[in-house]
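[1] can't give you the sequence, but here's the structure:
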């Protein structure tokens with residue numbers, strides 16, 4: 001990772017940070033960066049928008065300032081100087097690892113990439129007829145069977161210290177605000193299976209997190225190869241997490257520059273607040289379902305077109321535009337038709353997405369270093385479109401490129417097939433999902449929002465004529 005050719009990448013990231021500081025002004029948003037005194041008053045919109053669900057030290061998104069923080073560290077610093085392995089450890093444990101800790105963590109990641117039974121099972125599945133995300137989710141479940149004793153007949157969580165779902169729902173549904181201390185914790189852990197092998201672990205806890213962070217990348221590589229009609233490639237223990245991911249997907253060992261760029265991309269996608277897939281993962285985990293099944297829920301949520309897949313759509317949009325000379329007219333027509341401009345705007349950010357600030361220069365660097373004619377055309381169109389959008393909607397509406405706008409070009413230059421852009425997202429987010437779950441379970445409370453009933457109350461049942469006829473026939 002310290003190859004001389006990667007020094008330019010570090011400089012690009014440092015320059016992006018300087019540009020961000022110069023262009024973006026703002027302070028920490030106090031409403032979302034302070035301890036919570038429960039119960040909390042907040043404005044809640046449809047889909048729980050604005051609701052405060054928990055406290056967290058893992059990550060913070062400052063939308064007005066265009067800032068992303070992991071465990072207190074600015075994303076620019078982590079991208080410039082850290083690695084995905086270090087960042088994963090940071091997210092899970094709260095601090096950057098010491099050299100011995102990082103060495104031990106890396107050894108575990110290398111060991112846990114080896115999931116032969118999972119890969120073998122995937123090869124017997126109709127992977128080529130499934131979506132990439134569906135296959136990734138299936139592989140995660142197969143990992144659960146191979147790596148844990150969760151399905152052992154005598155494996156039963158110890159429920160003696162766990163409040164039941166019905167009991168848990170009563171206090172906060174009591175008017176006006178429920179009990180003073182309506183927080184119930186999972187205190188006692190779980191019973192281990194009597195027949196558990198030494199190489200198996202419980203389906204929760206840090207070993208499970210490590211298995212998922214490492215193993216899901218192996219699943220992704222196998223799925224990608226099978227979908228392309230090739231046999232899966234075994235990981236190389238001498239390669240980093242990022243390098244192995246490229247190698248297992250493409251069959252080619254990456255250059256130092258390609259490895260470094262993928263590493264940065266994984267860091268950028270590792271966590272991003274309480275988004276839909278993170279929330280889905282935490283909701284399932286809050287029931288004390290195991291972390292493998294919880295992560296499967298995160299993958300399922302990410303597979304929805306409103307959450308994942310936008311970077312693939314960006315490439316389709318750029319191809320539709322066709323050339324730089326068409327950008328202005330295409331954009332004018334798109335705005336007139338109120339067509340969504342893919343890769344712009346964000347639910348949280350009202351400033352330039354810091355992840356896009358990094359990915360844009362990286363895309364340009366890769367294209368200039370060895371991109372083909374198509375990649376150069378796509379980048380030129382993207383840069384021209386960015387200027388058009390920012391000039392009309394940037395200052396006025398706070399609409400700037402988001403993480404998806406340049407990531408597709410980056411992944412294409414790395415040899416990643418477009419239908420695998422979202423699985424790469426999931427491989428990275430495994431770190432954030434598992435970290436959020438582990439943090440939440442320390443003071444777990446099952447998620448139980450309410451719905452406002454707007455239906456009728458006094459309707460009377462009447463037996464239908466069709467039902468009478470069926471009864472007579474009998």
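    Perfect, I can see it now. As the structure is a prediction and not an experimental result, all values here were calculated from the model. Residues are numbered from 1 along each chain as shown.

[2] secondary structure element holding the nearest residue to residue 231 once chain neighbours are set aside?
    Once flanking residues are discounted, residue 231 sits nearest to residue 225: 6.5 Å by CB to CB, 6 or more residues apart in numbering. Yep, even glycine has a C-beta here, placed from its N, CA and C like the rest. If you go by DSSP states H and E, residue 225 is part of helix 206-227.

[3] how many neighbouring residues does the residue nearest to residue 231 have?
    21 (other CB atoms under 10 Å).

[4] please report how far it lies from residue 250.
    9 Å (CB to CB, to the nearest Å).

[5] quick one: the helices in the stretch 51-200 of the chain, in order.
    Secondary structure of the stretch 51-200 of the chain, counting by DSSP state H, counting those that start in this stretch: helices at 75-81, 84-93, 99-112, 116-123, 132-147, 165-172.

[6] and those, which is most packed in?
    helix 84-93 (a mean of 24; mean count of other CB atoms under 10 Å).

[7] residue 304 contacts residue 276, doesn't it?
    Yes. Counting by CB atoms under 8 Å, residue 276 is a contact partner of residue 304 at 7.5 Å.

[8] where does this protein dip in pLDDT?
    Residues of the chain that meet the criterion pLDDT under 70 lie in 1-3, 26-31, 154-199, 465-474.

[9] can you pull the contacts of the residue nearest to residue 231?
    231-233, 248-249, 251 (CB atoms under 8 Å, 6 or more residues apart in numbering).

[10] most widely separated two among the residues you listed?
    231 and 249 (13.2 Å; CB to CB).

[11] ok, residue 420 - how many residues close by?
    When counting by other CB under 10 Å, one arrives at 23 neighbours for residue 420.

[12] assign it to helix, strand or coil.
    helix (DSSP: H, G, I helix; E, B strand; the rest coil).

[13] how far away is it from residue 304?
    With CB to CB as the criterion, residue 420 and residue 304 are 17 Å apart.

[14] which one of residue 231 and residue 249 has more residues nearby?
    residue 249 (27 against 11).

[15] could you check how far residue 204 is from residue 294?
    When residue 204 is compared with residue 294 (using CB to CB), they lie 9 Å apart.

[16] same deal with residue 16?
    Residue 16 is 34 Å from residue 294, by CB to CB.

[17] residue contacts, residue 253?
    236, 239, 243, 246-247.

[18] looking at those, which is nearest residue 399?
    residue 246 (32.3 Å).

[19] can you get me a residue count around that closest one?
    26.

[20] what secondary structure does it sit in?
    Residue 246 falls in the helix class when you classify it by three-state DSSP.

[21] once you drop chain neighbours, what's closest to it?
    residue 254 (4.4 Å).

[22] in a strand, the one you found, correct?
    No. If the criterion is three-state DSSP, then residue 254 is coil and not within a strand.

[23] that one and residue 71, how far apart?
    Counting by CB to CB - residue 254 and residue 71 are separated by 28 Å.

[24] and what of residue 78?
    When residue 78 is compared with residue 71 (using CB to CB), they lie 9 Å apart.

[25] quick one: common contacting residues for those two?
    Shared contacts of residue 78 and residue 71 (CB under 8 Å, 6+ apart): residue 90.

[26] neighbour count: residue 16 and residue 294, which is higher?
    More crowded of residue 16 and residue 294, by other CB under 10 Å: residue 294, with 27 against 22.

[27] so the more buried one sits in a strand?
    No. Counting by three-state DSSP, one finds residue 294 to be helix, located in no strand.

[28] circling back: and the contacts of residue 253, which two are furthest apart?
    Going by CB to CB, the pair spanning the contacts of residue 253 furthest: 236 and 246, at 10.8 Å.

[29] check which residues of stretch 283-294 are buried.
    283-286, 288-294 (16 or more other CB atoms under 10 Å).

[30] and residue 427, how far from residue 302?
    For residue 427 relative to residue 302 (CB to CB), the value is 11 Å.

[31] the two - which one has more neighbours?
    Comparing residue 427 with residue 302 by other CB under 10 Å, the one with more neighbours is residue 427, at 28 against 25.

[32] how about that one, what does it touch?
    216-217, 220, 245, 266.

[33] okay, now residue 22: neighbour count?
    8.

[34] again with residue 441
    18.

[35] mind listing what it touches?
    By CB under 8 Å, 6+ apart, the neighbours of residue 441 are 186, 204, 285-286, 288.

[36] which among the residues you listed gets closest to residue 327?
    Out of the contacts of residue 441, the member with the shortest distance to residue 327 (by CB to CB) is residue 285, at 44.7 Å.

[37] got the contact list for that closest one?
    Counted by CB under 8 Å, 6+ apart, residue 285 has contacts 291, 294, 437, 440-441.

[38] so which of these sit within helices?
    291, 294, 437, 440-441 (DSSP state H).

[39] closest to residue 62 out of those?
    Distances from residue 62 to those, taken by CB to CB, are shortest for residue 440, at 21.6 Å.

[40] ok, the residue nearest to that closest one when sequence neighbours are not counted - how many residues close by?
    Nearest residue to residue 440, sequence neighbours excluded (CB to CB, 6+ apart): residue 282, at 5.4 Å. For residue 282, the neighbour count with other CB under 10 Å is 24.

[41] try residue 94
    The burial count for residue 94: 13, using other CB under 10 Å.

[42] quick check: phi and psi at it.
    phi 90, psi -10 (degrees, to the nearest 10).

[43] ok, it - contacts?
    Residue 94 sits next to 57, 71 when contact means CB under 8 Å, 6+ apart.

[44] of the contacts of residue 441, which pair is most distant in space?
    204 and 286 (12.3 Å).

[45] that older thread, now, which of the contacts of residue 427 sits nearest residue 56?
    Closest to residue 56, out of all of the contacts of residue 427 and judged by CB to CB, is residue 266, at 20.7 Å.

[46] that closest one against residue 428, yeah?
    Yes. Contact criterion CB under 8 Å: residue 266 and residue 428 qualify, at 4.3 Å.

[47] what do those two both touch?
    Common neighbours of residue 266 and residue 428 (CB under 8 Å, 6+ apart) are residue 84.

[48] mind checking how far residue 404 is from residue 343?
    5 Å.

[49] what do the two both touch?
    Counting by CB under 8 Å, 6+ apart, the common neighbours of residue 404 and residue 343 are 310-311, 313-314.

[50] so how far is residue 22 from residue 216?
    The value you get for residue 216 to residue 22, if CB to CB is used, is 38 Å.
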